[in-house]
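1. predicted coordinates and the sequence they were generated for:
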Amino acid sequence: MKILLTGGSGFIGSNFVRYVLRDRDDIEVVNLDALTYSGNPENLADVENDPRYTFVHGNILDIELCRKLIGECDAVIHMAAESHVDRSIIDARPFVESNVLGTQTLLDAMRKVDPDNAKTFVHVSTDEVFGDLPLDRPELKFSEATPYAPSSPYSASKAGSDMIARAYHHTFGMKVMVTNCSNNFGPYQFPEKVIPLFVTNLIEGKKVPLYGDGRNVRDWLHVEDHNEAVLAVLEKGEPGESYCIGGNNERSNLELTHAILGAMGKDESWIEPVKDRLGHDRRYAIDATKLKTQLGWEPTRSAWPAALESTVKWYVDHAEWWKRVKSGAYRGYYEQQYVNR
Ligand code: NAD
Ligand code: TDX
């Protein structure tokens, strides 16, 4: 099977490429990525010469390119997106462009080159489309039946893209499936997201900026558990269905922060309470029963403290990677490796 993966140079995508090349010798991956600020060819430097991997530098808004690439592949896994909530609060425009228009462009490209709907399209989305849950109702979780109620410009743009994906299944009979996952963690995450930001700040001797009262809850899912679930949906999922992916691993930000401080031998004087994020969602939690009962998937790599500690260690051991990313220097690597080739 040849998969067109969009956004494969980002955090989740690069882990997906590495996972598939390692564990599935029957799969080839073509990675279409625009290399925005969070897309980094260095994330895949170790596999760039693998004969089952091809990198294409391009934008999902380029319909001709999408048509050509989809025409050459058996399936699409769509991960390309603007992904950071805080950036969407500063400027929502790129979120609407890449997430909403980009998804529509890809689906239109697929419709043209696959009129018989032979190919499968997995749209990778987020649990943030459901809005948030109260802290005092621990029994409540998001499931596939939860109504959409996005609250940030980011989650609103992802919700829009999910709706378009569902509509293309309903209207044109395309084999589209949607996944809604909780917060991923693991190697190669851009150090604007809370775990790599906090770990790298501490290594640099800086404090960690904890938003608001620190009681917000996230359901932490190891990126390889996530990618295993996405592949299961591609291979065994039902067209038109959506699947919630979670880690069974709810933690408050205070708990997360203390776990990171503990793993790094620091005390709580390193916490800097800062002003809350605008519209900050209180709690996300996923009920992944459908994936377990229908596709036989459950998380096996997300449990703490082991999974968090190995992730912290990855950032400690890969200072060269994140120092270049934090300084923006990886763009030089890109120019050298791809533009002049
Ligand atoms: P990321 O920001 O690390 O990577 C996004 C990638 O998409 C980058 O390589 C970027 O260059 C590429 N991209 C952006 N716009 C593009 C465009 N117009 N054309 C081509 N490529 C483009 O994000 P991530 O954390 O790896 O997230 C991947 C997907 O998973 C996103 O769709 C995101 O909404 C979703 N998601 C992420 C999480 C999480 O915890 N990280 C949780 C739920 C869902
Ligand atoms: O500096 C910080 N301080 C802080 O307290 C940052 C960056 C975050 N936080 C808090 C905000 C959140 O409650 O930590 C929590 C996690 O924040 P992020 O890492 O920004 O993730 P979140 O906003 O929960 O969204 C993530 O999960 C869902 C991804 O970025 C999205 O792409 C995904 O859809």
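-> Arrived safely, thanks for sending. Ligands and ions are numbered 1, 2, ... in the order given.
2. for whichever residue of the stretch 1-150 of the chain sits closest to ligand 2, phi and psi?
-> Residue nearest to ligand 2 within the stretch 1-150 of the chain: Thr126 (3.1 Å; CB to the nearest ligand atom). (Each C-beta comes from the backbone N, C-alpha and C, glycine too.) When read as degrees, to the nearest 10, the backbone of Thr126 gives phi -130, psi 160.
3. tell me, how many residues neighbour it?
-> Other residues lying near Thr126 total 24 when counted by other CB atoms under 10 Å.
4. wait, isn't it in contact with Asn184?
-> No. In this structure Thr126 lies outside contact range of Asn184 using CB atoms under 8 Å: 9.6 Å.
5. what parts of this structure come near ligand 2?
-> Taking CB under 6 Å from any ligand atom as the contact definition, the chain meets ligand 2 at 83-85, 126, 128, 183, 193-194, 197, 209-211, 216, 218, 253, 277.
6. filter the residues you listed down to the ones in helices?
-> Within those, residues falling in helices by DSSP state H are 85, 194, 197, 253.
7. and those residues, which is closest to His170?
-> Comparing these against His170 with CB to CB places Val85 closest, at 28.9 Å.
8. mind listing what the closest one touches?
-> Residues in contact with Val85, defined by CB atoms under 8 Å, 6 or more residues apart in numbering, are 128, 152, 154-155, 277.
9. same check on Asp25?
-> Applying CB under 8 Å, 6+ apart to Asp25 gives the contacts Arg52.
10. again, 7 Å this time
-> By CB atoms under 7 Å, 6 or more residues apart in numbering, the contact set of Asp25 is empty.
11. distance of it from Leu210?
-> 44 Å (CB to CB, to the nearest Å).
12. just Tyr243 next, same as before
-> Distance check for Tyr243 against Leu210: by CB to CB, it reads 32 Å.
13. who's more crowded, those two?
-> When Tyr243 and Leu210 are compared for neighbours, Tyr243 comes out ahead with 23 against 20, by other CB under 10 Å.
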